[in-house]
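Asker: I'd like to go over a predicted model; first the sequence, then the structure.
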Amino acid sequence: MSYQLRNVLGLHARDAVFLTRTLKAKALSGNRPKNFVICNSYPKSGTHLLYQILYSTPGLKRWDDIISVQALCGIMNTPNHIRWKLGSAPNQSIVRSHLMHSQEILDILGEHHCKPLFIYRDLRDVAVSHARWVTKEKRIFLHDIYQQQSNFDQQLMNSIVGVPVGSPFGSNLSQPNIAQDFSRWHGWLQDSQTLAVKFEDLVGERGGGSEDKRLHLIGQIMDHLQVNLSSEEIKAKFGSYAMNPEESHTFKKGGKGAIGGWQQYFKEDHKAAFKKVAGDLLIELGYETGLDW
């Protein structure tokens, strides 16, 4: 059985499970919409950092699953997969997700009462985390391609400039360059219903950032969720040293979640390649003021 056919059949079987769960939940609730907090992120941007804060918030439930636009095997998920998987989550859940910004996604979220948050990060740190994660995570579709590279420098370059289809010969797998990839998520930054969160503002002293910025941003998150906590309660409950980042598999496989870690890995050719494909985007996102870094 071919690689693609085997995975397609597996994905259809998976979706049948989520459809059954969704129909059962609708029957029990009288088809009423559910209430969700959407913990959305650009992949490798600190999903678990935001998730930890959310599941430590009174009144919200953990849901130990994640909804993504792309399966680990590399095949893009369908709108119905996203609809059925979201519908299978318990009411009042925190739903972790890697969902690009599109009208189809907005329509699916609009079928429920959703409060979306979106976390993003310096794309240079994302590239490093992505390369480390792919090389260590055997289930991800790019793993074998990255393992064929002779060193981490080449793997990191793949995460910056992408992987073209047919490379290596016979491969049907591909990955766009990091700017093209992020462009699919960019719309969340302007979405009026979404609170966009910078990883660097949320990481706090533990990750090399500002504790004051972290606590201020968490206050904004509580306001977005309509949760009433005093500044003293926020400081006691959500200080960066009160959280355990090692609960995150990405923290363990993708790096240690600190600001500016890319500087340890980027060589001059990485910098040149990154500036070519995403230099202007870094400026737009507020991480640089020019290309002289």
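Answerer: Noted; the coordinates are in hand. Residues are numbered from 1 along each chain as shown.

Asker: drop to CA atoms for contacts and neighbour counts, all remaining ones
Answerer: OK.

Asker: ok, now which ones touch residue 70?
Answerer: Contacts for residue 70 (CA atoms under 8 Å, 6 or more residues apart in numbering) come out as 76, 77.

Asker: tell me the pLDDT at it?
Answerer: Residue 70 is assigned 94 on the pLDDT scale.

Asker: For it, list each beta-bridge partner.
Answerer: Counting by DSSP bridges, residue 70 forms beta bridges with residue 76.

Asker: Residue 214 versus that one, what's the distance?
Answerer: Distance of residue 70 to residue 214, given as CA to CA, to the nearest Å: 30 Å.

Asker: so after the least confident helix or strand in the chain by mean pLDDT, what's the next helix or strand?
Answerer: When each helix and strand of the chain is scored by mean pLDDT, DSSP states H and E, helix 249-254 comes last, with a mean of 46. With elements assigned by DSSP states H and E, the helix or strand that comes after helix 249-254 is helix 268-284.

Asker: Show the average pLDDT along that following helix.
Answerer: Helix 268-284 carries an average pLDDT of 98.

Asker: Could you pull up the contacting residues of residue 8?
Answerer: So residue 8 contacts residue 75 (CA under 8 Å, 6+ apart).

Asker: Would it be right to say that it lies in a strand?
Answerer: No: assigned with DSSP: H, G, I helix; E, B strand; the rest coil, residue 8 falls outside any strand and is helix.

Asker: And it, how close does it get to residue 77?
Answerer: Applying CA to CA, the value for residue 8 to residue 77 is 10 Å.

Asker: Please apply the same query to residue 225.
Answerer: Distance of residue 225 to residue 77, computed by CA to CA: 28 Å.

Asker: ditto for residue 205
Answerer: Between residue 205 and residue 77 the distance, using CA to CA, works out to 37 Å.

Asker: same deal with residue 272?
Answerer: For residue 272, the distance to residue 77 - CA to CA - is 33 Å.

Asker: Please apply the same query to residue 67.
Answerer: 9 Å.

Asker: So the two - more neighbours on which side?
Answerer: residue 67 (20 against 16; other CA atoms under 10 Å).

Asker: Tell me where the stretch 1-150 of the chain has helices.
Answerer: For the stretch 1-150 of the chain, helices defined by DSSP state H, counting those that start in this stretch occupy the ranges 3-29, 47-55, 79-88, 103-109, 123-136, 143-147.

Asker: closest one to residue 195 among those helices?
Answerer: For the helices of the stretch 1-150 of the chain, the distance to residue 195 is smallest for helix 47-55, at 11.8 Å, taking CA to CA.

Asker: Can you list the buried residues in that closest one?
Answerer: Using 16 or more other CA atoms under 10 Å as the test for burial, helix 47-55 gives 47, 48, 49, 50, 51, 52, 53, 54.

Asker: buried residues in stretch 58-67?
Answerer: By neighbour count on 16+ other CA under 10 Å, the buried set for stretch 58-67 is 60, 61, 62, 67.

Asker: what's in contact with that stretch?
Answerer: Applying CA under 8 Å, 6+ apart, the external contacts of stretch 58-67 come out as 54-55, 82, 85-86, 89-90, 92-99, 227.

Asker: try it again with 6 Å
Answerer: With CA atoms under 6 Å, 6 or more residues apart in numbering as the test, stretch 58-67 has contacts from 55, 92, 93, 94, 96, 97.

Asker: Could you work out the most separated pair of the residues you listed?
Answerer: Among the contacts of stretch 58-67, 92 and 97 lie farthest apart (CA to CA), at 15.4 Å.

Asker: These two: which is more packed in?
Answerer: With neighbours defined as other CA under 10 Å, residue 92 and residue 97 compare such that residue 97 has more, 21 against 17.

Asker: Could you check the pLDDT of that one?
Answerer: 98.

Asker: how far away is it from residue 91?
Answerer: 16 Å.

Asker: Next: residue 216.
Answerer: Distance from residue 216 to residue 91, by CA to CA: 28 Å.

Asker: Looking at those two, which is more packed in?
Answerer: residue 91 (19 against 15).

Asker: The more buried one and residue 34 touch, don't they?
Answerer: Yes: counting by CA atoms under 6 Å, residue 34 is a contact partner of residue 91 at 5.2 Å.
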